[in-house]
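Sequence and predicted structure below; questions after.
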Amino acid sequence: MVTKDITVTEASRHFSETINRVVYNREILTLKRGNKIVARILPARRRSTGAALLKWIENQPPMTEEERKSFADDIEVGRKALNTPPVSKFDL
């Protein structure tokens, strides 16, 4: 990503354009007041979708029988942990 300096005045006068530069051009803008850096505007992290996860899973090599069993065991441990009431700091 490209980092560019702009003044606070420029950012405020062209706010919509400033945000568009960050969103669509993936620029990181350093806001300056005088010669002092006062803020940075950067793109939010792109979120992965369920479709992206499914595509990733589909492209993984098949699991061995041992890996399947280990995975199933891990899932069972997680399920049991979710069904266990949380420990309060007062119970310790």
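Done, it's in. Numbers count the residues shown, from 1 in each chain.

Over to the most centrally placed residue in the chain: give its phi and psi.
Geometric centre of the chain, nearest residue: residue 45, 4.5 Å, by Cα atoms, centre = their mean. Main-chain dihedrals, residue 45, degrees, to the nearest 10: phi -60, psi 140.

Against residue 36, how distant is it?
Residue 45 is 27 Å from residue 36, where distance means Cβ to Cβ, to the nearest Å. All C-beta atoms are positioned from the backbone trio N, CA, C, and that covers glycine.

Please apply the same query to residue 19.
Distance from residue 19 to residue 36, by Cβ to Cβ: 22 Å.

Which one of these two is surrounded by more residues?
Taking other Cβ atoms under 10 Å, residue 19 and residue 36 do not tie; residue 19 has more neighbours (13 against 8).

Double-check that that one belongs to a helix.
Yes: assessed by DSSP: H, G, I helix; E, B strand; the rest coil, residue 19 belongs to a helix.
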